[in-house]
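K.L.:
Below is the sequence, then the predicted model.
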Amino acid sequence: MEITGIISIAVGLLLGYADLKGQLRNKNRVEILNWVLHSNSGMSLEEPAAKEFMRYFPPPVDEESDNLTHLTKNVMRFENGGILNASINYMRRDHTRTSHVATLEEIRTWTSKTPYPWIAWWVTLLGFIELVGNYFIEKKFKTA
């Protein structure tokens, strides 16, 4: 019975480590962040990453989704090329832009969010509780 507790703790630790290393991040969110940081063109709203972006950062309320075609961005750079800030907005069919819906900082925060830290914590806690419970049960049976 102790082995399942140890395995549970190990799985929890592995999940936590993989999450910290960024291996469990949502690929569509990472694609949006990479697009903001490295691309020189817009992103079609037909892309899966853009569809996920639209769910979390919807267009302004006065905009019709049918009238939007792309994600666009305004990037402010340092002289040496590093990005100071960026804002993301939608492009309309008439090639005008909506007001901004997200900043680079918001995109970075959104990209880093995963449910796995809590899952890893709970799996580890359950394994620990099982180990402690087994210890006390064995101790009680040995004294009885």
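P.N.:
Perfect, thanks for sending it. Just so it is clear, the structure is predicted and the values come from calculations on it, not from any experiment.

K.L.:
Surely Glu79 is within a strand?
P.N.:
No - Glu79 is assigned coil when assessed by DSSP: H, G, I helix; E, B strand; the rest coil, not a strand.

K.L.:
low pLDDT regions in this structure?
P.N.:
For the chain, the stretches with pLDDT under 70 are 1, 115-117, 144.

K.L.:
Outline the domain layout of it.
P.N.:
The record's domain parsing of the chain by automatic domain parsing lists 1-24+114-144, 25-113.

K.L.:
measure the longest one end to end?
P.N.:
Taking Cα to Cα, to the nearest Å, domain 25-113 runs 8 Å from one end to the other.

K.L.:
What are the boundaries of the helices in this structure?
P.N.:
Secondary structure of the chain (DSSP state H): helices at 2-20, 27-38, 48-56, 104-112, 116-143.

K.L.:
Format these as CSV; extra columns: mean neighbour count.
P.N.:
Every residue, glycine included, has its C-beta placed from N, CA and C. Below are the helices of the chain laid out as CSV (neighbours: other Cβ atoms under 10 Å):
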stretch, mean neighbour count
helix 2-20, 15
helix 27-38, 16
helix 48-56, 16
helix 104-112, 16
helix 116-143, 14
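
K.L.:
Out of these, which is closest to Asp94?
P.N.:
Among the helices of the chain, the nearest to Asp94 by Cβ to Cβ is helix 48-56 (19.1 Å).

K.L.:
Kindly calculate the angle that that closest one makes with helix 27-38.
P.N.:
Counting by axes from the mean of the first three to the mean of the last three Cα atoms, to 10 degrees, helix 48-56 points 100 degrees away from the direction of helix 27-38.

K.L.:
just the angle between helix 48-56 and helix 104-112, please?
P.N.:
Using the same axes, to 10 degrees: helix 48-56 against helix 104-112 is 110 degrees.
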